[in-house]
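Chemist: I would like to see how this sequence folds:
(2 chains)
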Amino acid sequence: MRKAPNIFLRRTIFSAAATFLGTVFALPLVWFVFAPFNARAELGLAIPSPFTLSNFATVFQNTFAMQALLNSLIQAAGGVVLVGAAATLAAYALSRSPIPGKGAVTYILLLFSSVVSGSAAMVPIFLIISAAGLIDTHLAVILVFAGGLLPTAMFILRDFIDAIPRSYEESAMVAGASPLQAFFDVALPVIRPGIVVVVVWAFVNIWGSFLIPFILLRSDKLMPASVAIYSFYSEAGTPIVTLLAAYSLIYSLPVIALYLFVNWKFGFRFFGGIKS
Amino acid sequence: MKKFSLLSTRAGALFLAPATALVGVFVIIPFFWVIFVSFTNRTLLGRTAVDPDFVGLQNYFALFNPTTFFTRGQFGFSLILTIQFVLLSALIGQALLGLLLAWLSQSVTPTLKSFLQTAVIAAWILPEVVIGFAWFAFLDYDNGTLNMIMRGLGLPPGDWLLQQPFWVIVFFNTWRGAAFSMMLFNSAFQSIPPSYFQAADVAGATSWQKLRDIALPLIRGHVVTDLILITMWTFNVFTPFLLTHGGPSYRTEILSIYTYRIAFKDFEFGKGAAVGVVIMLINLAFALVYLRLAHKKPMEAE
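Modeler: This next block holds a predicted model:
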């Protein structure tokens, strides 16, 4: 009986701490919730009066801004298709074929991809892309992301395929299916949830990234939204806040939508190295 | 009975080919190439762009030159700054905060838990340029949300990006990345049988005792994994560039931003490559430890 007020006190302290921390985390983003809907948005926090969508209209009329979103889509879609296809094939081979040394292959790929990443990678990646004559092309961005994301994607998918019983394909082959048929008609539909996870993960990574397109692209007409957003400044060098706020929201929507989708479909299961 | 293989060795090699080619060309070849370039005086423009000279270890001597090593804007200054940045924002900030957030999430109401997790995860999933801009507005001297709160509390407002740029990127990176540690510790805590905590409750243990004596010893492996991963990521992170561009006067120029300046602003590729090699060696050390601990499977699978 003596313990009851104690527990009550503890619950109160925990709830207060959680409320405080949640608020602290939310604070830098509160401005971002209101500014897109405020026609006179500035850097200060203000409730829009009236709520308006005029900032979005401005964005949709800005051809450069819209082109940049399209560029982001081209690069992310290209990268995702390459990563998804190559990682599925490779992960299946690593799981199901008797290739000697396949464990070592996975290990070496993972090791290299974590060593040649981030700040260490920018110089060598720029050099190889310029040697290939691909500077300032969509293809450069797509290939670099595909190479960088593939090892982790293969690893996630291999774990996934290892968990599927081999008897599915074995019985198909006993019934006369070729190995290719067993892969496409039997294994692929079962692996699909794993592919979806990898594809979403790769898309979010490419869509949001700044550094790679920033160093590999030159011309305005190829810039993805992450880089183009830095040209929404007036000639005096001050940000055009209304445009930036609305654009940031539009640009964030696919990421938020995909997060909610994964959360709803799979529950937010934990994947190690979900961000590279 | 020997398991018959579903894919012949030949077909398997064919399946592996596209991935191997992509990773080979865009990850493995660049690794060796950057080592080679670090021994030359290659630049972006001019004669040495097409026909660089072999200069031996000169670039490395320049980086580790003791007379300039600790000077602001030099490699040594940047390296030390990066180590402080990793210690404060990843090991102390993200890991401790992540642990606290996960522990709180276990013991508050579901509504409060989802509020807390939504706020923390939003900081983590939104694209980095959006986050950079939101913080730029948040820290604005005249109208920013932070100074609005400071004034409201009767405290003096600050021009944070000019006065405390280093602490800004430390808090920024802590805020941005805490979600990862929180989620990892969340799943770690959930793997502990609830009966352990119920037994402790019966014995009248406090929350702190339960964390220290039951939870932490059981999730030691997760803690090590978390520390290595967030150290590696923070060590390589470029996002603070979006907030400070490495300034003012190099005070936030962590190694990633230093590399960018040397290679793409000053166009000294040879020297930039040497910095890249040093970073890769440090990455390699972390990666080897991590792969030994966490991903033993690919080696054992053989």
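
Chemist: which residues touch the residue sitting nearest the centre point of chain A?
Modeler: Per C-alpha atoms, centre = their mean, the C-alpha nearest to the average position across chain A is that of A:Val204, at 1.3 Å. Residues counted as contacts of A:Val204 (C-beta atoms under 8 Å, 6 or more residues apart in numbering or on different chains) are A:255, A:258-259, B:125. Backbone N, C-alpha and C define where each C-beta goes, glycine included.

Chemist: what's the neighbour count on residue 115?
Modeler: Just so you know, I chose chain A. Using other C-beta atoms under 10 Å in any protein chain shown, A:Val115 is surrounded by 23 other residues.

Chemist: oops, I was thinking of chain B
Modeler: The burial count for B:Phe115: 18, using other C-beta under 10 Å.

Chemist: equivalent analysis for B:Phe264, please.
Modeler: The burial count for B:Phe264: 17, using other C-beta under 10 Å.

Chemist: the closest residue to it other than its chain neighbours sits in which helix or strand?
Modeler: The shortest distance from B:Phe264 to any residue other than its chain neighbours is 6.0 Å, reached at A:Ile215 (C-beta to C-beta, 6 or more residues apart in numbering or on different chains). Secondary structure from DSSP states H and E places A:Ile215 in helix A:211-216.

Chemist: report the next helix or strand after that helix in sequence order.
Modeler: Following helix A:211-216 in sequence, per DSSP H and E, is helix A:225-228.

Chemist: mind giving me the packing neighbours of that following helix?
Modeler: Judged by 3 or more C-beta pairs under 8 Å, 6 or more residues apart in numbering or on different chains; DSSP states H and E, helix A:225-228 is in contact with helix A:63-96, helix A:211-216, helix A:241-266, helix B:128-138.

Chemist: in CSV: the ones you listed, plus distance to B:Trp208, mean neighbour count and mean pLDDT.
Modeler: Compiled in CSV, the helices and strands packed on helix A:225-228 are given as follows (distance: least, C-beta to C-beta, whole Å; neighbours: other C-beta atoms under 10 Å in any protein chain shown; pLDDT from 0 to 100):
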stretch, distance to B:Trp208, mean neighbour count, mean pLDDT
helix A:63-96, 44, 21, 90
helix A:211-216, 41, 22, 90
helix A:241-266, 32, 18, 85
helix B:128-138, 33, 23, 88
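
Chemist: nearest to A:Leu139, of those helices?
Modeler: helix A:63-96 (7.7 Å; C-beta to C-beta).

Chemist: related to what we said a few turns ago, quick check: the farthest pair among the contacts of A:Val204?
Modeler: Checking the contacts of A:Val204 with C-beta to C-beta, the most distant pair is A:Leu258 and B:Ile125, at 8.9 Å.

Chemist: three-state assignment of B:Thr239?
Modeler: coil (DSSP: H, G, I helix; E, B strand; the rest coil).

Chemist: surely it is in contact with B:Trp175?
Modeler: No - taking contacts as C-beta atoms under 8 Å, B:Thr239 lies outside contact range of B:Trp175: 11.2 Å.

Chemist: the more surrounded of these two?
Modeler: B:Trp175 (23 against 20).

Chemist: my guess is the more buried one contacts B:Leu126. True?
Modeler: No - counting by C-beta under 8 Å, B:Trp175 stays clear of B:Leu126, with 11.6 Å between them.

Chemist: who's in contact with A:Thr52?
Modeler: A:37-39.

Chemist: can you redo those residues as TSV with neighbour count and pLDDT?
Modeler: As requested, those are arranged in TSV below (neighbours: other C-beta atoms under 10 Å in any protein chain shown; pLDDT from 0 to 100):
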residue	neighbour count	pLDDT
A:Phe37	20	84
A:Asn38	21	77
A:Ala39	15	74
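
Chemist: doesn't B:Ala102 make contact with B:Ala178?
Modeler: No - contact criterion C-beta under 8 Å: B:Ala178 and B:Ala102 do not qualify, at 9.9 Å.

Chemist: quick check: neighbours shared by the two?
Modeler: What both B:Ala178 and B:Ala102 touch, as defined by C-beta under 8 Å, 6+ apart, is an empty set.

Chemist: neighbour count: the two, which is higher?
Modeler: In this view B:Ala178 and B:Ala102 are compared by other C-beta under 10 Å, and B:Ala178 has more residues nearby, 29 against 24.

Chemist: how about the stretch 51-200 of chain B: which residue is closest to chain A?
Modeler: Residue nearest to chain A within the stretch 51-200 of chain B (C-beta to the nearest C-beta): B:Asn143, separated by 2.8 Å.

Chemist: who are the contact partners of that residue?
Modeler: B:Asn143 touches A:42-45, counting by C-beta under 8 Å, 6+ apart.

Chemist: which of these sits closest to A:Val33?
Modeler: A:Leu45 (9.7 Å).

Chemist: contacts only, for the closest one.
Modeler: A:30-31, A:34, B:143, B:145, B:148.

Chemist: which helices and strands does the helix holding A:Ile215 pack with?
Modeler: Against helix A:211-216 (3+ C-beta pairs under 8 Å, 6+ apart) you get helix A:122-131, helix A:138-162, helix A:225-228.

Chemist: tell me the most buried of those helices?
Modeler: helix A:225-228 (a mean of 25; mean count of other C-beta atoms under 10 Å in any protein chain shown).

Chemist: what's that helix in contact with?
Modeler: A:64-65, A:67-69, A:71-72, A:207-210, A:213-214, A:217, A:220, A:247, A:251, B:127-129.

Chemist: what mean pLDDT does it get?
Modeler: Throughout helix A:225-228, pLDDT has a mean value of 87.

Chemist: can you tell me how far B:His77 sits from A:Ala46?
Modeler: You called it His, but residue B:77 is Phe. 40 Å (C-beta to C-beta, to the nearest Å).
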